[in-house]
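>>> Here is my input; please provide its structure:
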Amino acid sequence: QVQLVESGGGLVQAGDSLRLSCAASGRTFSRYDMGWFRQAPGKEREFVAGVPWITGRTYYSDPVRGRFYISRDIATNTVYLQMNSLKPEDTAVYYCAASTVGWRDRRIEADYWGRGTQVTVSS
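Predicted structure coming up:
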C-alpha cells in the first residue's frame, strides 16, 4: 500500500521559514517525480515544486521560485520542501504527490497523494 505522509506544517509569521517532510512508502519511486502542491481556502489546488527521483533536477512554480526548495533523501525515501521568506499568501494545505509523468505542464494530477499538512502564515 502506497503512503505519502506529510509533516512539518504549522503557524508562522511572515518572513519565517518552515520545512515540510513527506515520508513515502509502499513501492519504489525511482520512476516517479515527487512533488508538492497547495490549496488555499476557496482556491484550486496548484502545483508548487517537483523533483524526479532519479535525476534530482528540480522545477518550481513562479510564485515560489527562489524562496522554496524541494529535495529528496533517497536513503530514507523522504521528500522535503524548504520554505523561506514565507508570505501570508503562502497559507494553504500542502500536499505531497507522486507522478510517473511529472508536472512540467502544471497539470493537477498525480498517481498518489498525501493527506496534506496545514501551513498558516500570519502578517
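
>>> Just give me the residue closest to the centre of the protein.
Centroid check for the chain by C-alpha atoms, centre = their mean gives Trp36 as the closest residue, at 2.1 Å.

>>> so what does the helix or strand that that one is a member of touch, helix or strand wise?
Secondary structure assigned from DSSP states H and E places Trp36 in strand 33-39. If you count contacts as 3 or more C-beta pairs under 8 Å, 6 or more residues apart in numbering; DSSP states H and E, strand 33-39 packs onto strand 18-25, strand 46-52, strand 68-73, strand 78-83, strand 92-99. The C-beta positions use only the backbone N, C-alpha and C, and glycine is treated the same way.

>>> CSV for those, including mean pLDDT, mean neighbour count and distance to Ser7?
Listed next are those as CSV, based on pLDDT from 0 to 100; neighbours: other C-beta atoms under 10 Å; distance: least, C-beta to C-beta, whole Å:
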stretch, mean pLDDT, mean neighbour count, distance to Ser7
strand 18-25, 98, 19, 5
strand 46-52, 97, 22, 16
strand 68-73, 97, 18, 14
strand 78-83, 98, 22, 10
strand 92-99, 98, 22, 10
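
>>> possible to save those strands as TSV with distance to Arg115?
Below are the helices and strands packed on strand 33-39 laid out as TSV (distance: least, C-beta to C-beta, whole Å):
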stretch	distance to Arg115
strand 18-25	11
strand 46-52	16
strand 68-73	19
strand 78-83	15
strand 92-99	8
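
>>> Nearest to Leu4, out of the ones you listed?
For Leu4, the closest of the helices and strands packed on strand 33-39 is strand 92-99, at 4.5 Å, according to C-beta to C-beta.

>>> got the contact list for that closest one?
With C-beta atoms under 8 Å, 6 or more residues apart in numbering as the test, strand 92-99 has contacts from 2, 4-6, 9, 20, 22, 24, 29, 32-40, 43, 45, 48, 79, 81, 109-119.

>>> Neighbouring strands of it in the sheet, and parallel or not?
strand 33-39 (antiparallel), strand 112-113 (antiparallel), strand 117-122 (antiparallel) (DSSP bridges).
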